[in-house]
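Chemist: return atomic coordinates for the entry below.
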Amino acid sequence: MLGCSLNEACAVALPDPQKDEQVADAASGARSIVVAGGCFWGVEAVFLHLKGVKNVVSGYAGGEEDTATYEQVSSGKTGHAEAVKVTYDPAAISLGQLLKVYFSVAHDPTQLNAQGPDRGIQYRSAIFYETPEQKEVASSYIDQLAAAKAFDKPIVTRLEPLEKFYAAESYHQNYIAFHPDSLYVMIHDAPKLVSLKEAFPDLYVK
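Modeler: A predicted model of the protein is given here:
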């Protein structure tokens, strides 16, 4: 493990995915994937520091439009998860590489309906797939990691079809950049960026 703090955010050394998305040519255009893994602040920050990632938006997925607000989602009764939508250039970084970072650094996929100090189904580990290929790549990688016993406990990441992604309130976007001195950020999120830089130097960008 790399970049361990006294709290969490230790990168787990993982194998490359055996199955990845197919990219026909370099001009295939941007793609996106929606993932959830605890508070969206830290997950967003990790993906923002990856080469090939064009945009990351914090938001909500898994519930209805009329409950897609922070106050309601925080109740744990809406079906939503705090999630991030990652838009990327598949010619520069693949879905498989993004998922490797997601499982290794962005969160702990063995925590059920929780992440660090946060508890509730809104903090679940989930991949919201839009296409059969995304589902297949994610499912295959989860099976691969389970077979390799990459984690000490079972992976609990859910695969859910993406019905709709709703962007979160503006004050949640790029939260860590605007609140680097927040105690929560310093304890739970900043160490993830340290781990990312150490474990994935070829993918990390400032």
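Chemist: mind listing what's buried along the longest helix anywhere in the chain?
Modeler: Looking across the chain with DSSP state H, the single longest helix is helix 132-147. Neighbour-count burial for helix 132-147 flags 134-135, 137-138, 140-142, 144-145 (criterion: 16 or more other Cβ atoms under 10 Å). In this view, the C-beta of every residue, glycine as well, is placed from N, C-alpha and C.
Chemist: likewise stretch 74-82?
Modeler: By 16+ other Cβ under 10 Å, the buried positions in stretch 74-82 come out as 78, 80-82.
Chemist: out of the residues you listed, which one sits closest to K54?
Modeler: E82 (21.2 Å; Cβ to Cβ).
Chemist: so the closest one sits in a strand?
Modeler: Yes - under DSSP: H, G, I helix; E, B strand; the rest coil, E82 sits within a strand.
Chemist: quick one: contacts for the nearest residue to it once chain neighbours are set aside?
Modeler: Nearest residue to E82 in three dimensions, chain neighbours excluded: F40, at 4.2 Å (Cβ to Cβ, 6 or more residues apart in numbering). The neighbours of F40, taking Cβ atoms under 8 Å, 6 or more residues apart in numbering as the test, are 58-59, 82-84, 168, 172.
Chemist: and V86, its phi and psi?
Modeler: phi -100, psi 120 (degrees, to the nearest 10).
Chemist: need the pLDDT of it.
Modeler: pLDDT for V86: 98.
Chemist: how much space between the residue lying closest to it once chain neighbours are set aside and A114?
Modeler: Closest residue to V86 apart from its sequence neighbours, by Cβ to Cβ, 6+ apart: F47 at 4.8 Å. When distance is defined by Cβ to Cβ, to the nearest Å, F47 is 21 Å away from A114.
Chemist: of those two, who's got more company?
Modeler: F47 (24 against 16; other Cβ atoms under 10 Å).
Chemist: and the more buried one, what does it touch?
Modeler: 53, 56, 84, 86, 98, 101, 106.
Chemist: what is the neighbour count of the first one?
Modeler: Applying the criterion other Cβ under 10 Å, we find 21 residues in the vicinity of V53.
Chemist: tell me how far it lies from N174.
Modeler: 13 Å.
Chemist: and if you look at the second one?
Modeler: V56 sits 8 Å away from N174 when distances are taken as Cβ to Cβ.
Chemist: so what sits against both of the two?
Modeler: Each of 44, 48 lies in contact with both V56 and N174 under the rule Cβ under 8 Å, 6+ apart.
Chemist: neighbour count: these two, which is higher?
Modeler: Using other Cβ under 10 Å, the more surrounded residue of V56 and N174 is V56, with 22 against 16.
Chemist: spell out the secondary structure type for that one.
Modeler: Following three-state DSSP, the label given to V56 is strand.
Chemist: now do the same contact list for it.
Modeler: So V56 contacts 44, 47-48, 84-87 (Cβ under 8 Å, 6+ apart).
Chemist: same question for T110.
Modeler: Contacts of T110 by Cβ under 8 Å, 6+ apart are 151-156.
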